[in-house]
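J.: I'd like to go over a predicted model; first the sequence, then the structure.
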Amino acid sequence: MYKYIYIEAQATGIMREGNHRELIDKYSKEGWRFVTAIPTRSNGHGVIKNFDLVFEKEDL
């Protein structure tokens, strides 16, 4: 069985840098495996502003 965590990340855009790479590196070092990214907020015109990074780890 696996356990999952969902970490909110910001998308990159004009005048803004995303933080997803740092988050993936951080949680990978803690033993979590990156699974996918789920968009959670957009600007109403199809541009993603935030998303959840999904990580899993075997539940021992």
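T.: That came in fine, so what should we check first? Numbering: from 1, shown residues only.
J.: residue ranges in the chain under the pLDDT threshold?
T.: Per-residue confidence for the chain (pLDDT under 70) gives these ranges: 13-17.
J.: what residue lies at the spatial centre of it?
T.: When the chain is reduced to its mean C-alpha position, the closest residue under C-alpha atoms, centre = their mean turns out to be residue 53, at 2.1 Å.
J.: which strands and helices sit next to the helix or strand hosting that residue?
T.: Using DSSP states H and E, residue 53 sits within strand 48-58. Of the remaining helices and strands, those touching strand 48-58 by 3 or more C-beta pairs under 8 Å, 6 or more residues apart in numbering; DSSP states H and E are strand 2-10, helix 20-29, strand 33-42. C-beta here means a position set from N, CA and C on the backbone, and glycine is covered the same way.
J.: dump those into CSV; add mean neighbour count as well.
T.: Rendered in CSV, the data for the helices and strands packed on strand 48-58 read as follows (neighbours: other C-beta atoms under 10 Å):
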stretch, mean neighbour count
strand 2-10, 13
helix 20-29, 13
strand 33-42, 13
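J.: related to what we said a few turns ago, how about the nearest residue to the residue nearest to the centre of the chain, chain neighbours excluded?
T.: By the measure of C-beta to C-beta, 6 or more residues apart in numbering, the closest residue to residue 53 outside its immediate chain neighbours is residue 7, 4.7 Å from it.
J.: contacting residues around that neighbour?
T.: Contact criterion C-beta atoms under 8 Å, 6 or more residues apart in numbering gives 23, 27, 52-53, 55 as the residues in contact with residue 7.
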